[in-house]
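Participant: build me a structure from this.
(2 chains)
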Number of protein chains: 2
Amino acid sequence: MLPLAAAPVADVLTDLFLVLLAAKIGDEIFKRLHQPALIGEITAGAIIGPAVLGIVEPSEPLEVFAELGVVFLLFWVGLETRLSDMLEVGRAPLLVGILGVIFPFAGGAGLALALGEDSATAVFLGVALVATSVGITSAVLIELGVLGGKAARTILGAAVIDDILAMLLLAVAVGLGQDEGVDVPALLTTVAMAVAFVAFFTLGGTRLFAHRPRILHSPRFSESPLLPAVIICLGLAAFAAHIGLAAIIGAFLAGMVVAETKEQHPIEEEVEPLYAFFPPFFFVFIGMEVELAELADVETLGLLAGVTALAFVTKYAGARLGARDLSARDANVVALGMVPRGEVGIIVAGIGATAGVVDEQLFAVIVGMSILTTVVIPPLLRRALRE
Amino acid sequence: MLPLAAAPVADVLTDLFLVLLAAKIGDEIFKRLHQPALIGEITAGAIIGPAVLGIVEPSEPLEVFAELGVVFLLFWVGLETRLSDMLEVGRAPLLVGILGVIFPFAGGAGLALALGEDSATAVFLGVALVATSVGITSAVLIELGVLGGKAARTILGAAVIDDILAMLLLAVAVGLGQDEGVDVPALLTTVAMAVAFVAFFTLGGTRLFAHRPRILHSPRFSESPLLPAVIICLGLAAFAAHIGLAAIIGAFLAGMVVAETKEQHPIEEEVEPLYAFFPPFFFVFIGMEVELAELADVETLGLLAGVTALAFVTKYAGARLGARDLSARDANVVALGMVPRGEVGIIVAGIGATAGVVDEQLFAVIVGMSILTTVVIPPLLRRALRE
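Facilitator: All right, here's what the predicted structure looks like:
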């Protein structure tokens, strides 16, 4: 091997190659076992990652690809969602979002206090149980072709509400863990910006792009509308992340915005390959986050089991109560669909560790809970949807 | 702004957004001025990069996206290239590759020795003038719809020869700059691997995939052959980079391999969006490498002008002589098409700086030469092709 500066490039290309190959193999095996393909990809990530073989380490470029994976996933979901359909669902998303936050928060904080943790840690565990990741649920809904249904629209609306509330609670939790305490004016400003951002796009901003705007014309070699659409997606995702929301909320709104022009352009066809290329990185990366070493003792395993059960039951109960106006089948689908914590739970655990209120054991437990709630849902959701 | 760990993600998303937006704006302006769109993108990179506004810094994730940009560009070129067409061109690519390496190497090394540099630095400047980047030329050929012509096939074949010779010379140059000297057995092994790799795929390896192999079936949500094709592309690109070739040579061969299955699958349509998404990062990143501060004095500017002129004239003359069996028009197109040094010249400069044989002034000059030979060619090539 020669001492070339191209070596880092070779390593990154090798990682990207191994991740996609592992995803494809996991995907094919799980499909043949009649299991959800994305669980196969998560499993593949756990196997090639540090937990088992350790042939691929989670690196910054892989994290960026994983983030773009879930961003393009939600962008695609937004493209498939009409604003008018969302507004038609009524108040169910609001109730699901609010109750689906209150129950897990109370459960997590209560458990931590019962175990003798201080109030900052208690608030953090509450927040960690709140954060829903709609990426996994969206992928299952797409796979089963039910993205247009009432349950799907309720889940997507509730995910937006859920994320705003989670951001608010997370800011409070971080503030409690710091000496300066909670910066209430900054908090209120951020929440106001988040609400304004969402309200602008749901209450009329999409019309901005309804009349074949010039920016959606004539991209480079292919005369496709891909690049302008992707620019809007990345812009709103970045903006959402900067004001403290999840980037995927911005991507979802961007998808709805671009969808207003979709009669004129085959945007979905154009975006589909991006949506085939990036999401495997997201699923594999979740699997790579699995840490078996920290879960080796019985006490931690017990805590993991307890926290995971609590996370499942409180989110399910809260969301189900919020969705009680829907049919029993749809309410069940909505409640299950809100359970996965995915990458959002892992991000919250990371923030808590950085802030010094989440120790190594609790970090491993929150990451484990995020992955378990993510892995358990696709089969349950498939069964519920086929009923 | 809240203290969220999601902030790095927000920054990367913002960078990706700004790069694509700048690329799109540069693209549109230059098209309206009837100039090549990719020069508009390089210019946009120079403007948003450290040279002018400094609103986006070249970061590791951006470098990975840039690399994937040129990898997918050459993959696409490979998809459009039939092996039988390549072999039909005869010995012209071989002669263009060899003479297009000897002339610039002799010119660069001779100039350095005339300026009183030591032999290690002289060899390095020779190598820096050798390295051709076929990415820019490919983009121009695609834009003008002449990828299938004899000139284009000659350029692509010559680029493969050129890259193998450049790798060999670069290894010698790095060896001369180190105390251990040139590791001849390692060098021969690497060259043998590179030749075997290229020979395997050009002399029959493509047939491996000619009979609708299972791996090219049934990817995830969309039933497209995208993911397996991309896996082959990344795998061969990574392998090429590991044995010391440019990653784009592997991507080009991968494209030819996958093209053997193209009657059965609409692979080009599938890959097109990736090819619209990633290459702008490549062009903008080249522009971001522009360093004006180091070029501020008259002596450096004079050196830059001399080296650039030498790089242009020697490569043009060598390639033109090699292509003398073609028509005068095609020989001119081939010779111009080999001139851009692009990212390969920048990589060589970086290797020389790391090895301690290229000082700051020479580094800035080589980078400047790489960019100037890249920017000057598209208009000349367009004129030559329209004759």
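
Participant: tell me, how many residues neighbour residue A:233?
Facilitator: Residue A:233 has 32 neighbours, counted by other CB atoms under 10 Å in any protein chain shown. Bear in mind the C-beta positions are built from the backbone N, C-alpha and C, glycine included.

Participant: count of neighbours near residue A:50?
Facilitator: Burial of residue A:50 is recorded as 17 neighbouring residues (other CB under 10 Å).

Participant: from chain B, how far off is it?
Facilitator: 20 Å (CB to the nearest CB, to the nearest Å).

Participant: number of residues surrounding the closest residue to that residue other than its chain neighbours?
Facilitator: Counting by CB to CB, 6 or more residues apart in numbering or on different chains, residue A:50 lies nearest to residue A:57, which is 6.5 Å off, once chain neighbours are set aside. Look at residue A:57: counted by other CB under 10 Å, it has 11 neighbours.

Participant: repeat for residue A:360
Facilitator: Residues near residue A:360, counting by other CB under 10 Å: 11.

Participant: next one, pLDDT for the nearest residue to it once chain neighbours are set aside please.
Facilitator: Among residues not flanking residue A:360 along the chain, residue A:294 sits closest, at 6.3 Å (CB to CB, 6+ apart). Predicted confidence (pLDDT) at residue A:294: the value is 76.

Participant: what's near enough to touch residue A:294?
Facilitator: A:300, A:360, A:361, A:363, A:364 (CB atoms under 8 Å, 6 or more residues apart in numbering or on different chains).

Participant: now the two most distant members of those.
Facilitator: Distances among the contacts of residue A:294 were taken as CB to CB; the most separated pair is A:300 and A:363, at 10.7 Å.

Participant: wait, what's in contact with the residue nearest to the spatial centre of chain A?
Facilitator: Geometric centre of chain A, nearest residue: residue A:133, 3.1 Å, by CA atoms, centre = their mean. With contact taken as CB under 8 Å, 6+ apart, residue A:133 is in contact with A:70, A:340, A:341, A:342, A:343, A:344, A:345, A:370, A:374.

Participant: export those residues as CSV, with columns for distance to residue B:79, neighbour count and pLDDT.
Facilitator: Formatted as CSV, the contacts of residue A:133 follow (distance: CB to CB, whole Å; neighbours: other CB atoms under 10 Å in any protein chain shown; pLDDT from 0 to 100):
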residue, distance to residue B:79, neighbour count, pLDDT
A:70, 29, 30, 87
A:340, 38, 32, 90
A:341, 41, 32, 87
A:342, 35, 26, 79
A:343, 34, 26, 76
A:344, 38, 26, 77
A:345, 41, 26, 81
A:370, 40, 28, 88
A:374, 36, 26, 87
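
Participant: so where is the stretch 251-387 of chain A shaky, pLDDT-wise?
Facilitator: A:261-266 (pLDDT under 70).

Participant: return the residues of it in contact with chain B.
Facilitator: A:270-277, A:279-280, A:347, A:350-351, A:354-355 (CB under 8 Å from any CB of the partner chain).

Participant: from the residues you listed, list the buried ones, please.
Facilitator: A:270-277, A:279-280, A:347, A:350-351, A:355 (16 or more other CB atoms under 10 Å in any protein chain shown).

Participant: make JSON lines from those and add distance to residue A:316 and secondary structure to it.
Facilitator: Shown next, in JSON lines, are those (distance: CB to CB, whole Å; DSSP: H, G, I helix; E, B strand; the rest coil):
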{"residue": "A:270", "distance to residue A:316": "37", "secondary structure": "helix"}
{"residue": "A:271", "distance to residue A:316": "32", "secondary structure": "helix"}
{"residue": "A:272", "distance to residue A:316": "32", "secondary structure": "helix"}
{"residue": "A:273", "distance to residue A:316": "36", "secondary structure": "helix"}
{"residue": "A:274", "distance to residue A:316": "33", "secondary structure": "helix"}
{"residue": "A:275", "distance to residue A:316": "29", "secondary structure": "helix"}
{"residue": "A:276", "distance to residue A:316": "31", "secondary structure": "helix"}
{"residue": "A:277", "distance to residue A:316": "33", "secondary structure": "helix"}
{"residue": "A:279", "distance to residue A:316": "25", "secondary structure": "helix"}
{"residue": "A:280", "distance to residue A:316": "28", "secondary structure": "helix"}
{"residue": "A:347", "distance to residue A:316": "22", "secondary structure": "helix"}
{"residue": "A:350", "distance to residue A:316": "25", "secondary structure": "helix"}
{"residue": "A:351", "distance to residue A:316": "25", "secondary structure": "helix"}
{"residue": "A:355", "distance to residue A:316": "29", "secondary structure": "helix"}
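
Participant: let me know the closest of those to residue A:328.
Facilitator: Nearest member of those to residue A:328, counting by CB to CB, is residue A:279, at 31.3 Å.

Participant: not counting sequence-adjacent ones, nearest residue to that closest one?
Facilitator: Using CB to CB, 6+ apart, the nearest residue to residue A:279 is residue A:69, at 4.3 Å.

Participant: and that neighbour, how many neighbours?
Facilitator: Quick note: residue A:69 (other CB under 10 Å) scores 24 neighbours.

Participant: quick check: phi and psi on it?
Facilitator: Main-chain dihedrals, residue A:69, degrees, to the nearest 10: phi -60, psi -50.

Participant: still on that earlier bit, okay, the buried ones among the residues of the stretch 251-387 of chain A next to chain B in CSV with distance to residue B:14 next?
Facilitator: Shown next, in CSV, are these (distance: CB to CB, whole Å):
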residue, distance to residue B:14
A:270, 23
A:271, 21
A:272, 25
A:273, 24
A:274, 19
A:275, 22
A:276, 25
A:277, 21
A:279, 21
A:280, 24
A:347, 17
A:350, 20
A:351, 19
A:355, 24
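
Participant: contacts only, for the closest residue in space to residue A:82 that isn't next to it in sequence.
Facilitator: Distances taken as CB to CB, 6+ apart place residue A:259 nearest to residue A:82, at 6.6 Å, with adjacent residues excluded. Listed by CB under 8 Å, 6+ apart, the contact set of residue A:259 reads A:78, A:79, A:80, A:81, A:82, A:206, A:267.

Participant: I'd assumed residue A:255 was in contact with the first one.
Facilitator: This points to residue A:78. Yes. With contacts counted by CB atoms under 8 Å, residue A:78 reaches residue A:255, the gap being 1.8 Å.

Participant: give me every residue that touches residue A:155.
Facilitator: Residue A:155 touches A:93, A:96, A:134, A:137, A:141, A:333, A:334, A:337, A:338, counting by CB under 8 Å, 6+ apart.

Participant: closest to chain B out of those residues?
Facilitator: Using CB to the nearest CB, the shortest approach to chain B within the contacts of residue A:155 belongs to residue A:141, at 11.0 Å.

Participant: what about that closest one, how many neighbours?
Facilitator: Neighbour count of residue A:141, defined by other CB under 10 Å: 24.

Participant: do the same with the one 4 residues further on
Facilitator: Other residues within reach of residue A:145 by the criterion other CB under 10 Å amount to 10.

Participant: where's it, which helix or strand?
Facilitator: Assigned by DSSP states H and E, residue A:145 belongs to no helix or strand.

Participant: contacts only, for the residue nearest to residue A:279.
Facilitator: Counting by CB under 8 Å, 6+ apart, residue A:69 has contacts A:278, A:279, A:280, A:281, A:282, A:283, A:285.

Participant: out of the residues you listed, name the ones that lie in helices.
Facilitator: Among the contacts of residue A:69, DSSP state H puts A:279, A:280, A:281, A:282, A:283, A:285 in helices.

Participant: residue A:366 and residue A:350 touch, don't they?
Facilitator: No. If you go by CB under 8 Å, residue A:366 and residue A:350 don't touch, sitting 9.2 Å apart.

Participant: with adjacent residues omitted, what lies nearest to residue A:101?
Facilitator: residue A:165 (4.5 Å).
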